[in-house]
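A.B. asks: Test case, fold it:
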Amino acid sequence: MVSGDLSEEIHEENIEKLSKMTETDILEKQNEIKSMLNPKLIEFIKNRKSTGNTLLPVTTFLVTFF
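C.D. replies: Got it, this is the predicted structure:
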């Protein structure tokens, strides 16, 4: 798990990357990531938001794929 200053640095880096991408680019990357992941993992990530389980910010999780 990434924490502290490193987590914030990763988050800021991802926000910067996302701000430079078009909506189409973002959707393409999302689909690319989804195609590499187990569908059960995707459901877990979606469901943790509704249950209040926010162990990692989403942008920190996604950094490993870019």
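
A.B. asks: In the protein, which helix is the longest?
C.D. replies: If you go by DSSP state H, the chain has its longest helix at helix 4-19.

A.B. asks: Could you pull out the buried residues of that helix?
C.D. replies: For helix 4-19, a neighbour-count test (16 or more other CB atoms under 10 Å) marks 7, 10, 11, 14, 17 as buried. Any C-beta I mention is one placed from the backbone N, CA and C, and that applies to glycine too.

A.B. asks: That one: what's the following helix or strand?
C.D. replies: Sequence-wise, the next helix or strand downstream of helix 4-19 (DSSP states H and E) is helix 23-36.

A.B. asks: Moving C-terminal from that next one, which element do we reach first?
C.D. replies: Helices and strands here follow DSSP H and E; after helix 23-36, the next one along the chain is helix 39-51.

A.B. asks: quick one: that next one to helix 23-36, angle?
C.D. replies: Counting by axes from the mean of the first three to the mean of the last three CA atoms, to 10 degrees, helix 39-51 lies at 120 degrees to helix 23-36.

A.B. asks: Let me see the mean pLDDT of helix 39-51.
C.D. replies: Taken as a whole, helix 39-51 has a mean pLDDT of 79.

A.B. asks: The closest residue to residue 21 other than its chain neighbours: neighbouring residues, count only.
C.D. replies: Spatially, and ignoring its direct neighbours in sequence, residue 21 is nearest to residue 29 (7.4 Å; CB to CB, 6 or more residues apart in numbering). Close neighbours of residue 29, defined as other CB atoms under 10 Å, add up to 16.

A.B. asks: gap between residue 8 and residue 15?
C.D. replies: The spacing between residue 8 and residue 15, counted by CB to CB, to the nearest Å, is 11 Å.

A.B. asks: ugh, wrong one, residue 24
C.D. replies: Distance, residue 24 to residue 15, using CB to CB: 19 Å.

A.B. asks: Residue 32 now?
C.D. replies: Distance of residue 32 to residue 15, computed by CB to CB: 19 Å.

A.B. asks: now do residue 39
C.D. replies: Using CB to CB, we find residue 39 at a distance of 27 Å from residue 15.
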